[in-house]
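A.B. asks: My questions concern the predicted model and sequence given below.
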Amino acid sequence: MDVANAITPPPIECPHCGRPLKRTSVIVDGVEYHPTCWASCGCAESRRVWEKPPTRADKALDRARVPSLFRGMAHPDAPRLADAMEGGEWVYVQGSYGTRKTELACCIVEELVSNRHAHAMFSTAAELVKARIDAPELWNRARCIDFLAIDDLGKEGTSEYSVAAMWELVDARYSASKATAFTANYSRGDLLGLYARHGEAKTAEAIASRLQLCRCITTTGEDVRQRGGAR
């Protein structure tokens, strides 16, 4: 069974017209994966919002790759975790679907960029592994930027290549003392097992050893997507 696609989150609706949104997909090593994000439905109001002239703040968040769906939200944990990252800490946010992990990661990046004028970026693990070959500029930026939030760790594919690519990124950032935040549906122990089954065991253990240094946050509660949310 494909672990990355084993659990399918419920669909969400356009906040403007109510139509269901189509879930996006990425292809890694010839395998299609479905990260937890959705494309616009293309209704008139969505187009109006999308096409309005960007502000300076919008441009900063564009550079930070914060999805528009998660901009302007106020997660109560974001400021203190931004403080922790500015102090050099790494952060690992684990929890089941719909418990606001992606929202929290985006809010941390937005806090760092908009309120502290820091160089920060958000990306999914799948995007970054794909970028190692297909988008070297993004890959190198992820290696070097001061603050990075990696969403959906463990869903970047479970090939030996994917595990090795993630280790390269994690180790580069650790060696350069660049604070990093992760979100995952897996505990760190479960993630080690996932990587070890599909990659090289020592590489999996090396990733796990870095993740053990993180401040761990566990998100709980009802799946907000089932209540009509988008997290």
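C.D. replies: The structure has been received and is ready for your questions.
A.B. asks: ok, now which residue in the protein is the farthest from the centroid?
C.D. replies: Here the centre of the chain is the reference, and by C-alpha atoms, centre = their mean the most remote residue is Ala44, at 28.6 Å.
A.B. asks: OK, contacts around Cys214?
C.D. replies: Applying C-beta atoms under 8 Å, 6 or more residues apart in numbering to Cys214 gives the contacts Glu89, Trp90, Val91, Tyr92, Phe182, Arg188. C-beta: built from backbone N, CA, C; applies to glycine.
A.B. asks: quick one, what contacts the fifth one?
C.D. replies: Going back to what we said before, that points to Phe182. Contacts of Phe182 by C-beta under 8 Å, 6+ apart are Trp90, Val91, Tyr92, Val93, Ala149, Ile150, Asp151, Leu153, Leu211, Cys214.
A.B. asks: and whichever helix or strand it is part of, which strands flank it?
C.D. replies: Following DSSP states H and E, one finds Phe182 within strand 179-184. When sheet partners are counted by DSSP bridges, strand 179-184 sits next to strand 91-95 (parallel), strand 147-151 (parallel).
A.B. asks: Could you export those strands as CSV, including distance to Glu103, mean neighbour count and mean pLDDT?
C.D. replies: Below are the strands paired with strand 179-184 laid out as CSV (distance: least, C-beta to C-beta, whole Å; neighbours: other C-beta atoms under 10 Å; pLDDT from 0 to 100):
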stretch, distance to Glu103, mean neighbour count, mean pLDDT
strand 91-95, 10, 22, 97
strand 147-151, 10, 26, 99
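A.B. asks: Reformat these as CSV; add distance to Met121.
C.D. replies: CSV is the format used below for the strands paired with strand 179-184 (distance: least, C-beta to C-beta, whole Å):
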stretch, distance to Met121
strand 91-95, 15
strand 147-151, 5
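A.B. asks: residues near Trp50, how many?
C.D. replies: 10 (other C-beta atoms under 10 Å).
A.B. asks: if I pick the residue lying closest to it once chain neighbours are set aside, what's in contact with it?
C.D. replies: Excluding the flanking residues, the one nearest Trp50 by C-beta to C-beta, 6 or more residues apart in numbering is Ser40, at 6.4 Å. Residues near Ser40 by C-beta under 8 Å, 6+ apart: Cys14, Leu21, Ser46, Arg47, Trp50.
A.B. asks: Widest-spaced pair of these?
C.D. replies: Longest distance between any two of the contacts of Ser40 is 14.2 Å, between Leu21 and Arg47; criterion C-beta to C-beta.
A.B. asks: So Glu32 sits against Ser25, correct?
C.D. replies: Yes: contact criterion C-beta atoms under 8 Å: Glu32 and Ser25 qualify, at 5.3 Å.
A.B. asks: So Thr158 sits against Tyr195, correct?
C.D. replies: Yes: counting by C-beta under 8 Å, Thr158 does reach Tyr195; the two are 7.4 Å apart.
A.B. asks: Of these two, which one has the most company?
C.D. replies: Tyr195 (26 against 20).
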